[in-house]
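Novice: structural data only, the sequence is not supplied:
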Ligand code: PMP
């Protein structure tokens with residue numbers, strides 16, 4: 001035996017096998033509500049118009065592919081600030097770096113927390129996750145050396161946010177613990193906090209000395225760019241120190257280009273500088289520097305008023321389409337009414353893995369086993385078919 005025989009076998013990615021099953025299904029009426037990407041009325045995940053235009057411009061004007069630094073495209077991270085925070089944030093208390101997707105931002109955040117935790121030599125900096133959550137959250141945190149604690153965020157059977165359980169957990173958290181929050185368009189459940197709940201979370205974060213880690217991966221796909229950041233901004237304002245992991249992969253449709261950013265807020269300039277130098281070190285030892293192309297496209301778009309306007313208009317159209325499908329589902333069956341109040345591409349339906357399997361086998365409806373549905377896989381024309389299928393398995 002060699003070293004690698006000691007590896008534990010790992011399960012295959014279930015999403016990839018679902019993609020293959022869907023691809024090979026000959027039924028013409030098949031519906032794909034599996035993979036978490038936006039789809040238009042024709043089922044395509046198109047390159048956005050502004051991205052195409054920015055690519056043409058970049059091809060014309062880019063004069064070098066020489067290295068940038070571990071912080072990536074600095075102008076990109078600056079231009080995103082007004083969109084994320086509603087304003088340019090002060091450079092002496094905010095650090096912003098480009099990362100390989102929102103995933104890279106979360107990993108970098110986790111490693112920064114762990115570096116601090118190890119030096120502090122306390123038990124602290126547990127990461128609180130509300131369940132269910134994006135299946136990659138806990139593994140990213142533990143891979144970086146952190147301990148995860150959970151509370152129940154959402155009850156799948158009754159389709160309700162368990163806000164009291166969330167508040168009880170946060171009130172019981174220790175100072176210096178980290179609370180990971182979905183900024184908007186919760187993946188997988190679809191149900192977000194309302195304004196007064198965000199205010200209550202901001203209060204407990206401030207009172208208990210918790211560190212918010214906000215995962216903002218779908219800004220603009222819920223109620224609008226401003227609206228989708230409102231809760232995150234409340235919490236950021238309330239906390240002296242905070243982290244925000246951002247993804248441009250959904251709202252710019254750049255998925256495979258891996259475009260993200262990590263913003264770190266430090267309560268004092270000295271602390272912010274410590275965060276900055278450690279973030280740059282951690283970026284260097286992980287990926288040296290992030291891939292350039294996607295962030296350069298976002299920079300070109302946000303640096304140009306006409307391209308920005310076109311990007312916003314197309315994003316508005318995507319959001320409206322999703323919300324029209326949501327309203328049609330909610331109006332079509334009382335059982336689906338909560339979907340009208342959910343936001344973003346996903347909702348977690350109260351379906352068992354068996355029911356999800358039956359939907360696939362007998363009705364050619366493809367969803368992940370948890371019951372998460374990507375509603376961008378539907379159109380107003382296919383909503384009735386979906387409702388009939390769900391009724392049949394319930
Ligand atoms: N957070 C959440 C909640 C997500 O759903 C995703 C993408 N599925 C990410 C982060 C990571 O996004 P990216 O593809 O930019 O790494």
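Specialist: Perfect, thanks for sending it. These numbers come from a predicted model, not from an experiment.

Novice: any idea of the pLDDT on residue 123?
Specialist: At residue 123, the pLDDT value in this model is 67.

Novice: then residue 15?
Specialist: We note a pLDDT of 87 for residue 15 in this prediction.

Novice: contacting residues for it?
Specialist: The neighbourhood of residue 15, defined by CB atoms under 8 Å, 6 or more residues apart in numbering, consists of 34, 35, 368. C-beta: built from backbone N, CA, C; applies to glycine.

Novice: just give me the least confident of those residues.
Specialist: Between the contacts of residue 15, the one the model trusts least by pLDDT is residue 35, at 92.

Novice: related to what we said a few turns ago, quick check, nearest of the contacts of residue 15 to the ligand?
Specialist: When those are compared for distance to the ligand (CB to the nearest ligand atom), residue 35 comes out closest, at 9.7 Å.

Novice: I figured that closest one hits residue 21, correct?
Specialist: No - with contact taken as CB atoms under 8 Å, residue 35 and residue 21 are classed as non-touching, separated by 11.8 Å.

Novice: and residue 177, how many neighbours does it have?
Specialist: Other residues near residue 177 number 21, with proximity taken as other CB atoms under 10 Å.

Novice: typo on my end, residue 326
Specialist: Using other CB under 10 Å as the criterion, the residues surrounding residue 326 number 24.

Novice: where exactly do the strands run in the chain?
Specialist: Ranges of strands in the chain, per DSSP state E, are 31-32, 94-100, 127-131, 148-152, 154-155, 160-161, 178-182, 211-216, 242-247, 259-265, 346-348, 365-366, 372-374.

Novice: for the closest residue to residue 311 other than its chain neighbours, give me its contacts.
Specialist: Distances taken as CB to CB, 6 or more residues apart in numbering place residue 50 nearest to residue 311, at 3.9 Å, with adjacent residues excluded. Contacts were defined as CB under 8 Å, 6+ apart; by that measure residue 50 touches 301, 307, 308, 310, 311, 314.

Novice: would CSV of the residues you listed with pLDDT, neighbour count and distance to residue 161 be doable?
Specialist: Output for the contacts of residue 50, formatted as CSV (pLDDT from 0 to 100; neighbours: other CB atoms under 10 Å; distance: CB to CB, whole Å):
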residue, pLDDT, neighbour count, distance to residue 161
301, 98, 25, 34
307, 98, 19, 37
308, 98, 15, 34
310, 98, 17, 35
311, 98, 24, 31
314, 98, 17, 30
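
Novice: how about those residues in TSV, adding distance to residue 388?
Specialist: Rendered in TSV, the data for the contacts of residue 50 read as follows (distance: CB to CB, whole Å):
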residue	distance to residue 388
301	41
307	42
308	42
310	38
311	37
314	32
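
Novice: residue of the stretch 51-200 of the chain closest to the ligand, please.
Specialist: Checked against the ligand (CB to the nearest ligand atom), the nearest residue in the stretch 51-200 of the chain is residue 101, 2.8 Å away.

Novice: I'd assumed residue 258 was in contact with that residue.
Specialist: Yes - the pair residue 101 and residue 258 passes the contact test of CB under 8 Å, sitting 4.2 Å apart.

Novice: common neighbours of the two, please.
Specialist: residue 249.

Novice: when these two are compared, which one has more neighbours?
Specialist: Remark: of residue 101 and residue 258, residue 101 carries more neighbours, 25 against 22, as counted by other CB under 10 Å.

Novice: what residues does that one make contact with?
Specialist: Taking CB under 8 Å, 6+ apart as the definition of contact, the neighbours of residue 101 are 247, 249, 258, 259, 260.

Novice: same thing but 6 Å
Specialist: By CB atoms under 6 Å, 6 or more residues apart in numbering, the contact set of residue 101 is 247, 249, 258, 260.

Novice: repeat for residue 2
Specialist: When the contact criterion is CB under 6 Å, 6+ apart, residue 2 has no partners at all.

Novice: pull the number of nearby residues for residue 89.
Specialist: Residue 89 has 18 neighbouring residues, counting by other CB under 10 Å.

Novice: what about it, distance to residue 199?
Specialist: According to CB to CB, to the nearest Å, residue 89 stands 21 Å off from residue 199.

Novice: contact residues of the stretch 251-394 of the chain facing the ligand?
Specialist: Contact residues, the stretch 251-394 of the chain versus the ligand (CB under 6 Å from any ligand atom): residue 260.

Novice: what residue in the stretch 251-394 of the chain comes nearest to the ligand?
Specialist: Closest contact between the stretch 251-394 of the chain and the ligand, by CB to the nearest ligand atom, is at residue 260 (4.9 Å).
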